[in-house]
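Undergrad: Show me how the following folds:
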Amino acid sequence: MTAIVGAQIDLQGALAVSRNLSILSATLGKFEARALGTAQRRLGPEARRDIQREYNIKAARVTKDLRVSQPFVGTLRITGFFRGIGLINFGARATSKGVTAAIRKGKGARSIKKGAFMAPLLGGEDNRHVAQRFGDKRPMKKGSYIGQIKQPLRVMYGPTVAQMLRRKGRPQRLADFAVGLLGKEMTRQVEAHFKRSTSG
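TA: Down below sits the predicted model:
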């Protein structure tokens, strides 16, 4: 007597996984592009927040000189511009002895610039700066004192966004943030893809 033993193997699950992996492979490029787009949108605000944790400056002024781009495929670049930021942007206050300002946050950060004053320069109140008189007196050629003999004005500046951006530790923190965000975003998209596939 011959015994016939049958075995049934369900390959549907394996086939479904194979199909899903094939589809996933074809759409990974799209996932990467979306993840990079998300990282590009969020890296600038994160850099601005990181800068503001150290520097006494308003968000809009930092954002004005920050750019995040994708110069090459799979690459993010964050750029801070070397454009002068007037000391007035660092919480400047006029006093009888000069102007005080706090470039960085924290106890003891505020210092006084003796002899400095706050004044509108060319362009009026929209171009208000902290300034000092310096050098030899000479005839003024521009502004409200034109023709008068006075010392020229020197506008006082704080650090640029480029200098703030490259402060010790900040580039690495921002790189870690971007890499972590890319990983989370790719994972989210893959999980969402499989969820849609199984529910369909």
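
Undergrad: Tell me how many other residues surround Lys150.
TA: Applying other CB atoms under 10 Å, we find 12 residues neighbouring Lys150. Every residue, glycine included, has its C-beta placed from N, CA and C.

Undergrad: Actually, Arg49.
TA: Neighbour count for Arg49, taken as other CB under 10 Å: 11.

Undergrad: Out of the helices and strands in this protein, which is least certain?
TA: helix 12-52 (a mean of 75; mean pLDDT, DSSP states H and E).

Undergrad: C-terminal to that one, what's the next element?
TA: Using DSSP states H and E, the helix or strand that follows helix 12-52 towards the C-terminus is helix 59-64.

Undergrad: who touches that next one?
TA: The contact list for helix 59-64 (CB atoms under 8 Å, 6 or more residues apart in numbering) reads Gly44, Arg48, Ile51, Gln52, Tyr55, Ile85, Asn89, Val161, Met164.

Undergrad: Any regions of this structure where pLDDT drops low?
TA: 1-27, 122-125, 197, 199-200 (pLDDT under 70).

Undergrad: Repeat the analysis, applying 50 as the threshold.
TA: Across the chain, the ranges flagged by pLDDT under 50 are 1-21.

Undergrad: Can you give the domain ranges for it?
TA: 13-79+167-199, 85-159 (automatic domain parsing).

Undergrad: so where do the helices sit in the protein?
TA: Assigned by DSSP state H, the chain shows helices spanning 12-52, 59-64, 161-165, 170-199.

Undergrad: Next up, the contacts around the residue lying closest to Ala35 once chain neighbours are set aside.
TA: Excluding the flanking residues, the one nearest Ala35 by CB to CB, 6 or more residues apart in numbering is Glu185, at 4.0 Å. By CB under 8 Å, 6+ apart, the contact set of Glu185 is Arg34, Ala35, Thr38, Ala39.

Undergrad: Between the residues you listed, identify the one with the most neighbours.
TA: Going by other CB under 10 Å, Ala39 tops the contacts of Glu185 with 21 neighbours.

Undergrad: okay but that one is in contact with Leu174, surely?
TA: No. Ala39 is not in contact with Leu174 according to CB atoms under 8 Å; the separation is 10.6 Å.
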